[in-house]
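**Q** Could you look at this predicted model? Sequence included:
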Amino acid sequence: MKENVKAALLSALVLPGVGQIYRGKAVKGGVLVALVTVVLLVFIFLAAMAAQDVLRVVGVNGTIDPVTLAESLRGRMSGVLWLGGILFCIWVYGVADAFFVDGSGGEAEKGK
């Protein structure tokens, strides 16, 4: 299997940035891994805040009221959608960069 295909698979299936590290671009790979880590940590924080909202709704009423729950979670949806879009863009960039850019910094040769 070609090196660029292995790198793209690593970035696609393991974590964006791992393919760059595999191809010798440790700084670029480290930045991508750090970005993904920050986005995932913010996502976990938002999920914890949403869980807190659910517990608050259950604690006040004793039961889960779907309307109240939906209203309390509606404010968190825009942040989750933004994070999903950012994570998707980082993932696409990581895979494309690992596949198309060679380890020396130039573009991969087409005939290899």
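**A** That came through, no problem.
**Q** Flag the shaky bits of this protein, pLDDT-wise.
**A** 61, 103-112 (pLDDT under 70).
**Q** buried sites along the helix or strand S72 falls within?
**A** Counting by DSSP states H and E, the element that carries S72 is helix 66-100. Using 16 or more other C-beta atoms under 10 Å as the test for burial, helix 66-100 gives 68-69, 72, 86-87, 90-91, 94-95, 97-99. Every C-beta, even on glycine, is put in place using the N, C-alpha and C of the backbone.
**Q** And for stretch 55-66?
**A** Here stretch 55-66 shows V57 as buried, counting by 16+ other C-beta under 10 Å.
**Q** if I read this right, I21 contacts G30, doesn't it?
**A** Yes: under the criterion of C-beta atoms under 8 Å, I21 makes contact with G30 at 7.2 Å.
**Q** So for the two, which sits in the more crowded spot?
**A** The neighbour comparison of I21 against G30 (other C-beta atoms under 10 Å) goes to I21, with 20 against 13.
**Q** List the residues that contact that one.
**A** 29-30, 33 (C-beta atoms under 8 Å, 6 or more residues apart in numbering).
**Q** secondary structure element for it?
**A** Under the assignment here (DSSP H and E), I21 is part of helix 18-22.
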